[in-house]
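This is a predicted model, with the sequence first.
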Amino acid sequence: MATVAEQLRSAREARKMTPNQVAEYTKVRTDHVLAMENGNYDVFMAPVFIRGFVRSYATMLKLDVPAVMATLDTELKQTQKFRDPPALTPPAGGVLDWIMLQLSKVNLMVVLPLLVISLLVWLSVYGYQAWRRHKTADPLVNLGPGLYQAKPGLSAVYLPVPTPTNPPGAATRP
């Protein structure tokens, strides 16, 4: 019995199709089409991709899909990489993995408007309270005394007047 790769390649050539035409029809990359025709399954990450691509390819070529899939399963069991099925239990993760899993279950179309509405309500309440505090606050609370108080040791009779180096209106000489 011919391998899956030989069946796919001979059926494609019998229909006079190129690998690019197959890739365009099946929406599988051209290098993956060529890897399937060469039997190079190491290009793929998991057997589920191989099975899906081969099923699409065989269906497009109008081959006997159950027979091709049975042959593919026997071929994959002979390879080291795809002999054992992948583990169904995820690796033990930490708290961050659990949080990300819970967040992935959230429907953003429902939660996002609720978050925006709650944020707007919180901002309006906080703004109203700040406005009320500002409105009732004494604006003169931090203002010092209204009279001039001389420094200790100076007479309070005369106010200190700054002495400018160039009094206003005085002409400067070059």
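The structure has been received and is ready for your questions. Residues are numbered from 1 along each chain as shown.

How far away from the center of its chain is the helix or strand of the chain with the lowest mean pLDDT?
Using mean pLDDT, DSSP states H and E, the weakest-scoring helix or strand in the chain turns out to be helix 95-104, at a mean of 86. Centre-to-centre, helix 95-104 and its host chain are 14 Å apart (Cα atoms, centre = their mean, to the nearest Å).

and what of stretch 123-139?
Distance, centroid of stretch 123-139 to centroid of chain: 39 Å (Cα atoms, centre = their mean).

cool, stretch 55-72 as well?
Relative to the centre of its chain, stretch 55-72 is centred 37 Å away, using Cα atoms, centre = their mean.

With stretch 50-58 instead?
31 Å.

Pull the residues that contact that stretch.
Residues outside stretch 50-58 that contact it (Cβ atoms under 8 Å, 6 or more residues apart in numbering): 4, 7-8, 22, 26-28, 32-33, 36, 41, 44, 64-65, 68-69, 72, 76, 82. Any C-beta I mention is one placed from the backbone N, CA and C, and that applies to glycine too.

What subset of those residues is buried?
The neighbour-count test (16 or more other Cβ atoms under 10 Å) applied to the contacts of stretch 50-58 identifies 4, 7-8, 22, 26, 28, 32-33, 36, 41, 44, 68, 72, 76, 82 as buried.

now, among the residues you listed, which is nearest to residue 60?
Residue 60 has its nearest neighbour among the buried ones among the contacts of stretch 50-58 in residue 26, at 5.6 Å by Cβ to Cβ.

Which residue, other than its chain neighbours, is closest to the closest one?
Spatial nearest neighbour of residue 26, excluding adjacent residues (Cβ to Cβ, 6 or more residues apart in numbering): residue 56 at 4.7 Å.

Would you mind measuring from the one you found to residue 36?
To residue 36, residue 56 is 10 Å away according to Cβ to Cβ, to the nearest Å.

how does this protein divide into domains?
Residue ranges for each domain of the chain read 4-78, 95-135, as given by automatic domain parsing.

Check the burial of residue 130 by counting its neighbours.
Using other Cβ atoms under 10 Å, residue 130 has 10 neighbouring residues.

Quick check on it: phi, psi?
Main-chain torsions, residue 130, degrees, to the nearest 10: phi -70, psi -40.

Which parts of the protein are strands?
In the chain, no strands are defined using DSSP state E.
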